[in-house]
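*Asks:* 3D model of this:
(one chain, ligands or ions: 1)
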Amino acid sequence: MRIGITCYPTYGGSGIVATELGMELAKRGHQVHFISYANPIRLGESEGIFYHEVEVSNYPLFQFPPYCLALASRMAEVAVMEKLDVLHVHYAIPHSVSAMLARGMLEKDRRLPFVTTLHGTDITLVGIDRSYFPITKYSIEQSDGVTAISENLRQQTEEVFGVKNPIEVIHNFVCTTTYRPQPEKRAARKTMLHISNFRPVKRVLDCIRILAEVRREVDADLWMIGDGPDRGACEKLASELGLIRYVRFWGKQNNIPALLPQGHVLLLPSESESFGLAALEAMACGLVPVATRVGGVPELIDDGVTGFLRGVGDCAAQAACATQLLSDDKLHERMGAAARAAAEQRFNTDLIIPRYEGMYKRVLGQS
Ligand code: GMT
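*Replies:* Predicted coordinates for the structure are as follows:
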């Protein structure tokens, strides 16, 4: 198939899923065309992968350059030029609206179905905002196929938007050969990791509070990987609590598969999380996640078996779990192995990618 993929090409989880999906599809012999305003950050050069930039020209009259329209034009143009079979957009706003326009622009001459994958904040935060609600609902209803990355997100979408078209749950996935435990790389000091875009929904300050509690019992470090609006506040809190020398702020990093195996525990104290891709990648590397019991996270983490789930903002409880893991090597080893096994047996690329291929075939009327 010839597949057009659109995503936010930055560090967000939806962009990562879209990029990894495109690369896996190309490995399976499909031709994949990324259409976006920048080259997706994790996109490697490989056979069958193409990138088409969307240029948004500005004009003094525009207070806000209309990216959604420029994207729709580019999608239609690339679809004709590259004979695309299907468009797959990640994150509803505004990508599914652009895809809907591109499909409409071409419909006299050819069919261009589109699939929308819902990732999380496109539904739980942005989509429910009054200014975007009607168009988000409409574009979901207009999609030829819709997928959600967890059962929880599917239910929320149906409840909040009242959409009637079927939504297929296709969980996030991980390549368990790229993301794998490397015991020889594990840091000599007990190390907790957090990876995110440091937005308020991630509650990054809780990571510092958890470290403060853990350090009462274990001489542990914390690696904060990523960047975003709450990084400054996090650095300030670490200084105020006298912890700055135990916290390393890495900033944005591309080589996550090399960093993860160095840690022991992954902290995910989010306020809301539709799935928790960072936790899955960590589990594949044998780290044990300590996360909040929110959204789709319980679909990934089996509390007490492959990780721990505690309440949002309950730093004491999350710290107690981390302390237990960092002070009991046998427990850590057992849970790390269970986490790795879950990644391999339930969320491995080979299991999930065919589900997307099946969805494309269905919207193309091939199955
Ligand atoms: O909100 C984010 O952290 C970024 C967001 C995105 O769409 O870029 O991530 C969401 O999608 C990821 C990949 O599907 C999921 O693993 C994350 O759980 C989800 N984030 C939230 O729901 C907060």
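*Asks:* okay, CA-based contacts and neighbour counts for the rest of this
*Replies:* Noted.
*Asks:* the residue of the stretch 101-250 of the chain at minimum distance from the ligand: neighbour count?
*Replies:* The stretch 101-250 of the chain approaches the ligand most closely through Gly120 (3.8 Å), counting by C-alpha to the nearest ligand atom. Using other C-alpha atoms under 10 Å, Gly120 has 29 neighbouring residues.
*Asks:* is the helix ranked longest in the chain anywhere near the ligand?
*Replies:* Ranked by number of residues, the top helix in the chain under DSSP state H is helix 329-346. No: using C-alpha under 6 Å from any ligand atom, helix 329-346 stays clear of the ligand, with a minimum separation of 13.8 Å.
*Asks:* show me the domain layout of the chain.
*Replies:* Here the domain assignment for the chain is 2-172+349-363, 183-346, based on automatic domain parsing.
*Asks:* just put those in JSON lines and tack on mean pLDDT.
*Replies:* Listed next are these as JSON lines, based on pLDDT from 0 to 100:
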{"stretch": "domain 2-172+349-363", "mean pLDDT": "93"}
{"stretch": "domain 183-346", "mean pLDDT": "97"}
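*Asks:* so which bits of the stretch 101-250 of the chain are right by the ligand?
*Replies:* Residues of the stretch 101-250 of the chain lying near the ligand by C-alpha under 6 Å from any ligand atom: 119-121, 149, 172.
*Asks:* 5 Å - rerun?
*Replies:* Neighbours of the ligand within the stretch 101-250 of the chain, by C-alpha under 5 Å from any ligand atom: 119-120.
*Asks:* mind listing the strands for the stretch 101-250 of the chain?
*Replies:* With DSSP state E, counting those that start in this stretch as the criterion, the stretch 101-250 of the chain has strands at 114-118, 145-148, 167-169, 190-195, 220-225, 247-251.
*Asks:* would you format the ones you listed as CSV with mean neighbour count included?
*Replies:* Putting the strands of the stretch 101-250 of the chain into CSV (neighbours: other C-alpha atoms under 10 Å) gives the following:
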stretch, mean neighbour count
strand 114-118, 27
strand 145-148, 24
strand 167-169, 20
strand 190-195, 23
strand 220-225, 22
strand 247-251, 16
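*Asks:* okay if I get those as TSV plus distance to Ser14?
*Replies:* Formatted as TSV, the strands of the stretch 101-250 of the chain follow (distance: least, C-alpha to C-alpha, whole Å):
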stretch	distance to Ser14
strand 114-118	9
strand 145-148	11
strand 167-169	15
strand 190-195	14
strand 220-225	17
strand 247-251	19
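*Asks:* do you know which of those lies nearest Tyr179?
*Replies:* Between Tyr179 and the strands of the stretch 101-250 of the chain, the tightest spacing by C-alpha to C-alpha is seen for strand 190-195, at 14.7 Å.
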